[in-house]
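A.B. asks: Predicted model and sequence follow; I will ask about them next.
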There are 2 protein chains.
Amino acid sequence: MRADAARNREKVLEAARELFASKGFEVPLDEIATQAGVGPGTVYRHFPTKQALFQAVTEARVTAMIESASAPADDARAALFAFLSRMAEEAAAKRDMSDAITVTPELRKSLHAALGALLEKAQRAGQVRADVTATDLVILMKGMLQSLHEGGNPQVLLQIVLTGLQSSRKP
Amino acid sequence: MRADAARNREKVLEAARELFASKGFEVPLDEIATQAGVGPGTVYRHFPTKQALFQAVTEARVTAMIESASAPADDARAALFAFLSRMAEEAAAKRDMSDAITVTPELRKSLHAALGALLEKAQRAGQVRADVTATDLVILMKGMLQSLHEGGNPQVLLQIVLTGLQSSRKP
DNA sequence: GACGATACGGAACGCACGCCCCGGTTGGCA
DNA sequence: TGCCAACCGGGGCGTGCGTTCCGTATCGTC
């Protein structure tokens, strides 16, 4: 690979990181190109599609988050809640986190699996309501994460969901 | 107004009701026109903009729902929860309910006010956690309502939110 | 039954965006 | 230093959508 090519690739990634984080997946690709100081054609020389660029930017962060959930858990409920908190924290800061769940099927599946494992343990311990499925939880989190970008108070919203997840005393 | 004009207007409204309900606001206007058996131009003769048509379809339902919340409340918490349940029920059946909150600022404001009143009463009675604002609640509900259209279990999701709203026993 | 206003349909416009192509340029090896 | 392959920029294509325009058909009145 030529030196300028590598340089441009990095500039594109840098711009993509910044803009995906602030505006989410729907940011026009031309805007990323402009911010990187290159033409749209150059972006496509390095990444076959917009989604591939998005994945290149988010995949590492998401999988890192998921792996941190695989740590041995002494308290099942705390492990699940910590993971959800981290998701919320990440999503509150960077808008692309919530889009990652939607855009790339692979990441969604990984997340689904990781959450499912944590959820099942917590449910087996009777610490989380038994009628929630992993699918429900992923979907609910996605909705909540998106809500964070519309002015909702992250702490409060997260607390509501966490409290609501606990084994039910009837409302 | 000419007879055929009135007839067409009704056909457009009918098609819009059906398609907005099933596909939400993002349904192409041409699709509504086709389903109504008219051209796109005809739709615009009756409604100045797509949003106006959407509002014509949803406004009545939303305001009806809001007014039903103004009934005198014996139990503040029950009143709030009943209203939220009705929102969820409505949104689970018709996809346009969740869009209405986003698309028309007026409806959003009305809803915000209605929810705010119910929320404040319940909070004053100490039945709902005090750190939630009306804005938080509207945003959270919007996220949850959207989640309903992606395969989430309506009862479970609603229960989580309702449980989570109650005055906190720490999670 | 004829005429004018009204309404209709659908082609066309403007815009935004993802993606591709090509003439020109630049980097690095011989 | 010269040459070729790799790379760049940006104009352009195709698509989808909201909206508008205009020639034509239809309604309702005289």
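C.D. replies: That came through, no problem.
A.B. asks: going forward, measure contacts and count neighbours with C-alpha atoms only.
C.D. replies: Noted.
A.B. asks: Extract the C-alpha trace of stretch A:153-164 and format it as PDB.
C.D. replies: Provided in PDB are the C-alpha atoms of stretch A:153-164 (Å, rounded to 0.1, in the frame of the first residue of the first chain):
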ATOM      1  CA  ASN A 153     -31.700  12.000  31.500                       C
ATOM      2  CA  PRO A 154     -29.500   9.000  31.100                       C
ATOM      3  CA  GLN A 155     -29.200   8.200  34.800                       C
ATOM      4  CA  VAL A 156     -33.000   8.300  35.300                       C
ATOM      5  CA  LEU A 157     -33.900   6.400  32.200                       C
ATOM      6  CA  LEU A 158     -31.400   3.700  33.000                       C
ATOM      7  CA  GLN A 159     -32.600   3.500  36.600                       C
ATOM      8  CA  ILE A 160     -36.200   3.000  35.500                       C
ATOM      9  CA  VAL A 161     -35.300   0.100  33.200                       C
ATOM     10  CA  LEU A 162     -33.000  -1.500  35.800                       C
ATOM     11  CA  THR A 163     -35.500  -1.200  38.500                       C
ATOM     12  CA  GLY A 164     -38.200  -2.500  36.200                       C
END
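A.B. asks: Report the buried residues of that stretch.
C.D. replies: Buried positions in stretch A:153-164, judged by neighbour count with 16 or more other CA atoms under 10 Å in any protein chain shown: A:153-154, A:156-164.
A.B. asks: got it, and stretch A:51-66?
C.D. replies: For stretch A:51-66, a neighbour-count test (16+ other CA under 10 Å) marks A:53-55, A:57-59, A:62, A:65-66 as buried.
A.B. asks: cool, and stretch A:70-87?
C.D. replies: Buried, per 16+ other CA under 10 Å, within stretch A:70-87: A:76-77, A:79-81, A:83-85, A:87.
A.B. asks: export these to a markdown table and tack on distance to DNA strand C?
C.D. replies: Output for the buried residues of stretch A:70-87, formatted as a markdown table (distance: CA to the nearest atom of the strand, whole Å):
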| residue | distance to DNA strand C |
| --- | --- |
| A:76 | 40 |
| A:77 | 39 |
| A:79 | 36 |
| A:80 | 34 |
| A:81 | 34 |
| A:83 | 30 |
| A:84 | 29 |
| A:85 | 30 |
| A:87 | 25 |
